[in-house]
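Undergrad: need a structure here:
(chains A and B)
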Amino acid sequence: MSDVSEVAGKPIPVPDAQSAGYWTAAAEHVLALARCGRCDRFTHPPGVVCPHCLSTDPAFVFVPVDGRGTVRSWTVVRDSFLPGFAADVPFVLVDVELDVQADLRLVGRLADGPDAPLHQGDRVVTVFDDLAPGVAVPAFALEAAS
Amino acid sequence: MTPRFSARSQVAIVGYAQSPIVRHAAVPLGALALDTALAAIADAGLTKDDIDGFTTGSLLPTSGSHASVDGVSIVTANWLAEQLGINPRFCAGFQGFGQIPGSVTMAVNALATGAADYVVLHRALHNPPKGRYHGNPMTHAPGAMQWTAPQGYFGPLTMIALPYNEYLQRYHASRDAMAAVLVEARANGSRIPWSYWHERPITTQDYLDARVIADPIGVLDCDIPVDGVAAFILTRADRARDLPNRPVYVAGYAMGSPRRPRLPVHWPLDDIMEAGFEVARRLEEASGLSLREVDVPQLYDGFSPFVYFWLEALGICPVGEAHRFVQDGGIRTDGGVPILSGGGALGNGRMHGVPQMLECYLQLAQRAGERQLPSASIGLACHSSPHFGGAVMYSAEPL
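TA: Purely as a prediction, here's the structure:
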């Protein structure tokens, strides 16, 4: 994991009514995803409507989930257009389908770095990058290497 | 087959103008737009007083922190009408992706219903003079950006890199194959006087040597940001017959959008293709034509992988085969399917779906000059991703 002082200056997520539970859990290095209180299915990112049952009062609850998943794609970012990433490039973003529910996908940094061999179907676990005191963002690491 | 689209052949393009495509225009974008609109009106054999409709999609398509200022960095339909001193019967902007097919549908619907008689459809694209095109100094990520920007997942390059790599991995393709797309786009663009890349073709080696930004996307896989404006005049077929240019008729159109919400800029390959197959089906249903009848298919190429996705969605080659198809000469204007005969965005500059629409018009109106294709009866102009855009079919004769 990167040291906080090394990553200062990256965009800091601003929690809102739909996302506060996600960021509160992430700060504790827990992946908690929004589960609809009506149909019990997960959604990411959570909006004002559950995309599964179309409830307009989905009463999302942020539930800690097993952060394991499968790599569907990736890219090596060599030039970032945001502040705070100049020292990180090149870095890898992985597109991960989580085990917890079919087609539930997250995109995050791969902690193993740009030289790690990657394949579709590789297994990853969720880890966390600390962005600032009390702010962490979910990332991934290859399961075999973790 | 009976077309679902009851306005088939009732509306036609009757004139156009295209400004020079440059990195930074010498005049403000609005001035360029006004001059280009007037040139299109004159090209159609009309005067300003004939125009009673305006439409566009005015989005400044950048992730950068550039302000959208009407007349300076964007040009809305309302701005253009006001500056021309016209109080139009119909004036509307298209707010989705696929701004060109989107605004064509609005123009066609307005004309076919009698809401307007002569519509100016324009598109003004801007390259801000200061700061990186996609550069954004955000220190905080509110709203949708909170889900992606904190991990450095931002902007259209990573957006297209993920489904493109998904494609390469799934079909065991090499990124080198895309050189055939770039060489073809730039060869055709080099023959177009208004293109930013006029007289500047590239070689396969140029493509392979170019800087990679977000693997497998390199700098040459992206269209270059430009200042440029195009304008088209559309009217009903009965009025078109009295005008100087050969009319090009709208035969049908179709749009597509993803079935489920995703993270911002997250475009999984299956989302793209699922919607793309549906767009293809809807095009045939709307027009009553088979896509096999299209002899001027202009595929969208704002990022080069869109060429693969459209080739396969439209059935021009089998799924998973586009990378071989392009390497085997399948898209050569000379001898293959001329999907980039108009140079596309890669061969003209970041004019969004304009080069595709313009090439369909020029070819079907027999106005393509030395680039005129031997067979130009049915055109197809695609724009954007198959799952966030659409396409318009045109015919040289009323159907």
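
Undergrad: surely B:Asn245 meets B:Leu364?
TA: No - judged on C-beta atoms under 8 Å, B:Asn245 makes no contact with B:Leu364 at a distance of 10.9 Å. In this view, the C-beta of every residue, glycine as well, is placed from N, C-alpha and C.

Undergrad: out of those two, which sits in the more crowded spot?
TA: A side-by-side neighbour count of B:Asn245 and B:Leu364, using other C-beta atoms under 10 Å in any protein chain shown, places B:Leu364 first with 26 against 19.

Undergrad: Distance of the more buried one relative to B:Pro374?
TA: 13 Å (C-beta to C-beta, to the nearest Å).

Undergrad: what does the stretch 151-300 of chain B put close to chain A?
TA: Counting by C-beta under 8 Å from any C-beta of the partner chain, the stretch 151-300 of chain B comes close to chain A at B:151-155, B:157-158, B:161-163, B:165-166, B:169-170, B:212-217, B:260-263, B:266, B:268-269.

Undergrad: Return the subset of those residues lying in strands.
TA: Of these, the ones assigned to strands by DSSP state E are B:212-214, B:217.

Undergrad: State the number of residues packed around B:Gly369.
TA: 10.

Undergrad: all helices for chain A, in order.
TA: Assigned by DSSP state H, the helices in chain A fall at A:20-27.

Undergrad: Tell me where the chain is predicted with low confidence.
TA: Since no chain was named, I'll use chain A. A:1-8, A:145-146 (pLDDT under 70).

Undergrad: Do you have the strands of the stretch 251-399 of chain B handy? List them.
TA: B:296-298, B:378-383, B:390-395 (DSSP state E, counting those that start in this stretch).

Undergrad: partner residues bridging the closest residue to B:Cys360 other than its chain neighbours?
TA: Once flanking residues are discounted, B:Cys360 sits nearest to B:Gly379: 3.3 Å by C-beta to C-beta, 6 or more residues apart in numbering or on different chains. Beta-bridge pairing of B:Gly379, defined through DSSP bridges, involves B:Val296, B:Tyr394.

Undergrad: Tell me the confidence at B:Gly379?
TA: Note on B:Gly379: pLDDT of 98.

Undergrad: ok, now the one 4 residues further on?
TA: Reported pLDDT at B:His383 in the predicted model: 98.

Undergrad: gap between it and A:Val14?
TA: 33 Å.

Undergrad: Who has more neighbours out of the two?
TA: Neighbour count, other C-beta under 10 Å: between B:His383 and A:Val14, B:His383 has more, with 33 against 14.

Undergrad: Next, count neighbours for the residue nearest to that one when sequence neighbours are not counted.
TA: Nearest residue to B:His383 in three dimensions, chain neighbours excluded: B:Gly353, at 2.9 Å (C-beta to C-beta, 6+ apart). The tally of other residues near B:Gly353 (other C-beta under 10 Å) stands at 30.

Undergrad: where along chain B do the helices fall?
TA: Under DSSP H, chain B gives helices at B:29-43, B:77-83, B:99-112, B:155-170, B:179-189, B:204-209, B:237-240, B:269-287, B:305-313, B:322-327, B:344-348, B:354-364.

Undergrad: Let me have those in a markdown table, extended by mean pLDDT.
TA: Converted to a markdown table, the helices of chain B look like this (pLDDT from 0 to 100):
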| stretch | mean pLDDT |
| --- | --- |
| helix B:29-43 | 98 |
| helix B:77-83 | 98 |
| helix B:99-112 | 97 |
| helix B:155-170 | 97 |
| helix B:179-189 | 98 |
| helix B:204-209 | 98 |
| helix B:237-240 | 97 |
| helix B:269-287 | 98 |
| helix B:305-313 | 98 |
| helix B:322-327 | 98 |
| helix B:344-348 | 98 |
| helix B:354-364 | 98 |
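
Undergrad: Nearest to B:His126, out of the ones you listed?
TA: Of all these, helix B:29-43 sits nearest to B:His126, with 5.1 Å by C-beta to C-beta.

Undergrad: which outside residues touch the closest one?
TA: B:15-19, B:25, B:47-48, B:50-51, B:70-75, B:79-80, B:83-84, B:120, B:122, B:124, B:126, B:227-233, B:245 (C-beta atoms under 8 Å, 6 or more residues apart in numbering or on different chains).

Undergrad: Tell me which of those fall in strands.
TA: Per DSSP E, strands hold the following members of these: B:15-18, B:120, B:122, B:124, B:228-233.

Undergrad: looking at the residues you listed, which has the most residues close by?
TA: B:Val120 (33 neighbours).

Undergrad: Could I get the phi/psi values of the nearest residue to B:Ala124 once chain neighbours are set aside?
TA: Counting by C-beta to C-beta, 6+ apart, B:Ala124 lies nearest to B:Val75, which is 3.9 Å off, once chain neighbours are set aside. B:Val75 adopts backbone torsions of phi -140, psi 110, taken as degrees, to the nearest 10.

Undergrad: Could you tell me how many residues sit around B:Arg23?
TA: When neighbours are counted by other C-beta under 10 Å, B:Arg23 comes out with 13.
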